[in-house]
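Peer 1: I'll drop the sequence and a predicted model, then ask my questions.
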Amino acid sequence: MKSLLVFPALLLAVFSSADDWPNWRGPNFDGISNETIPEILPEELPVLWKAKVGIGFSTVSVKGDRVLTMGNDGKGTDTVRCLSAKTGDVIWRHDYKCPLDPLYYEGGPSATPTIHGDSVYTLSKKGHAFRLDLETGEVIWERDLVADHKFELPEWSFASSAFIEGDRVLLNVGRGGVALHRESGKTVWVNSSETSGYATVVPFPNRDAHLLFSALSLFAFDADTGKMHWEYKSKSSRNVNAADPI
C-alpha cells in the first residue's frame, strides 16, 4: 500500500481557526475532534493536494500549518515527512534505514509522529526512536532501543506511537514499556525486554496512571517509575493486543 495523503479544500477553508491534532487519537487522546462538520456537504469534496508519502500505516499529526507522517520507500528506508497543510509541499524530511518488513500485509511504519512543543517524536518498527526539531527536522536525539536493551520484537514489530507525560516519552516497547527522558532521550526506566503489544499508551482521565498492552496482558502503571499498579491477563490470537483500551 503506497500511502497517499489527501486534504479536501473544504476542510482547509477554516484552516486558520482549526484545532491542532498533534498525536495519535488527538489532543485529548480519545479520538474525538472539537471541530464541527457542516450539515450540508457537496456530493464530491474538492481535492486541494495529494502527496505520496511511502508505504506504511502511519496516520497524520497536525500543528498549525504542518502535517507530519511516516512511510517506507520499499527499499529499506523510512522517511518522516513534514508537509505544508496548505500546499502539500515538503518542508523537511528525515530518512533512516529500516526494512519494509511485510508480513501478510504491505509493511512499513505503523506508528504516528507525536508533536509536543517544538519537537516531533517517532518510533520505527524496529525500535529506532527519534526526537526531531519541528521547524527544521534536525535530529535532537536518536536511540536504537533494540540494540540498547535487547528488546524482543513482537511478530509484526513495534507499532506504538510516542506518548508524552511530563518529561517522559512513553513507548510500548518491552513487556512493561519503556520511558525515555523527553529532553535527552536517555532511558529513565524499563520493566522487561519481553514482547510488547502494539497499542499506544492510554492515560486515565486524571493522569495518575496509564494503560499499556503487552503481548499477553493489560497493565496499569506509573509513568514516573514504571511501577505496575495491576495486571489483567488478555490473550488474543497470535498475541495481537493492538486496539487501544478505552
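Peer 2: Right, received. Where do you want to start?
Peer 1: where does this protein dip in pLDDT?
Peer 2: Within the chain, the stretches with pLDDT under 70 are 1-17.
Peer 1: What segments of it are helices?
Peer 2: 9-12, 145-149 (DSSP state H).
Peer 1: distance between the last one and the chain's centre?
Peer 2: What it means is helix 145-149. 19 Å (CA atoms, centre = their mean, to the nearest Å).
Peer 1: Now do that helix: which elements does it pack against?
Peer 2: strand 187-190 (3 or more CB pairs under 8 Å, 6 or more residues apart in numbering; DSSP states H and E). (C-beta placed from N, C-alpha, C; glycine too.)
Peer 1: elements contacting the strand it packs on?
Peer 2: Packing partners of strand 187-190 (3+ CB pairs under 8 Å, 6+ apart): helix 145-149, strand 178-181.
Peer 1: which residues touch it?
Peer 2: The contact list for strand 187-190 (CB atoms under 8 Å, 6 or more residues apart in numbering) reads 148, 149, 168, 174, 176, 177, 178, 179, 180, 181, 225, 226.
Peer 1: If we go by neighbour counts, what in it is buried?
Peer 2: Within strand 187-190, the residues that count as buried by 16 or more other CB atoms under 10 Å are 188, 189, 190.
Peer 1: do stretch 81-92 as well
Peer 2: Within stretch 81-92, the residues scored as buried using 16+ other CB under 10 Å are 81, 82, 83, 85, 88, 91, 92.
Peer 1: Include distance to residue 35 when you put the residues you listed into CSV, please.
Peer 2: Shown next, in CSV, are those (distance: CB to CB, whole Å):
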residue, distance to residue 35
81, 23
82, 22
83, 20
85, 14
88, 20
91, 23
92, 27
